[in-house]
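[1] Next one to model:
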Amino acid sequence: MSDQPQTSHEDAEKANVNVWMVHPNLAASPRFELPAGYRMRFYGEGDVETWVRIHEVAEPFLTPTAETFARYMPDEAKRPQRVMFLVDADGTDIGTVTAWNSDTLLGRDAGLVHWVAIVPSAQGLGLAKPMLSAILDVFRELGYNEAWLETSSGRIPALNLYLRFGFVPYVRGEADAAAWRAVAPQLRYPVAL
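    Numbering: from 1, shown residues only. Purely as a prediction, here's the structure:
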């Protein structure tokens with residue numbers, strides 16, 4: 001029996017503290033293929049609206065806009081090689097993920113997994129793993145060996161996905177450690193703090 005206090009899934013979602021994770025060796029990431037009928041495609045003309053539409057229905061904690069897209073992915077020349085969409089068998093865009101880059105966390109140019117979303121009707125179908133595989137492939141093709149991401153402690157399925165791929169908590173202080181301790185009972189994988 002653990003002497004740590006038990007935390008419910010609802011409590012973890014209420015806390016919803018921003019946490020950072022780092023993947024120190026992208027070559028060690030697992031690889032998952034999309035099911036038959038699904039495909040990934042890169043950003044094209046008019047896809048700001050596609051990105052916003054996906055995030056509007058998939059994002060429980062905030063409502064991104066075209067201005068959000070422009071602010072977080074300002075380099076228009078990078079978008080066609082770094083912003084990806086998940087497409088279903090009917091040709092409908094149902095997910096999106098971005099392979100951006102930043103030195104904000106690691107102090108050096110590193111891959112940044114950015115703005116991951118799948119529409120609710122397609123969640124739970126095993127599509128997030130191949131979508132993340134695809135974006136990590138982009139990082140490797142761009143020459144990155146490591147990547148990081150920022151998410152929140154209320155996103156338990158996302159945390160489990162990232163842990164499965166080899167991302168680990170990047171603890172910046174006691175607030176981060178407390179957030180990870182609070183969600184640890186809901187995680188499928190152990191986290192070292």
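[2] in this structure, what spans have low per-residue confidence?
    Scanning the chain with the threshold set as pLDDT under 70 gives 1-15.
[3] Okay, and the residue positioned nearest the centre of it sits in which element?
    The residue lying closest to the centre of the chain (CA atoms, centre = their mean) is V116, at 4.4 Å. With secondary structure defined by DSSP states H and E, V116 is part of strand 110-118.
[4] just checking, A175 touches V17?
    Yes. A175 is within contact range of V17, at 6.8 Å (criterion: CB atoms under 8 Å). Every C-beta, even on glycine, is put in place using the N, C-alpha and C of the backbone.
[5] Show me which of the two is the more surrounded one.
    Between A175 and V17, V17 has the larger neighbour count (other CB atoms under 10 Å), namely 15 against 11.
[6] so is the closest residue to that one other than its chain neighbours in a helix, a strand, or just coil?
    Using CB to CB, 6 or more residues apart in numbering and skipping residues adjacent in sequence, the residue nearest V17 is A179, 3.9 Å away. Using DSSP: H, G, I helix; E, B strand; the rest coil, the structure places A179 in helix.
[7] for the one 10 residues further on, same thing?
    Following three-state DSSP, Y189 is assigned to coil.
[8] my guess is it meets L163, correct?
    Yes. Assessed by CB under 8 Å, Y189 is found in contact with L163 at 4.0 Å.
[9] Would you mind telling me which of the two has the busier surroundings?
    Ranked by neighbour count (other CB under 10 Å), Y189 and L163 place L163 first, with 17 against 13.
[10] for the more buried one, what are its contacts?
    187-189, 191 (CB atoms under 8 Å, 6 or more residues apart in numbering).
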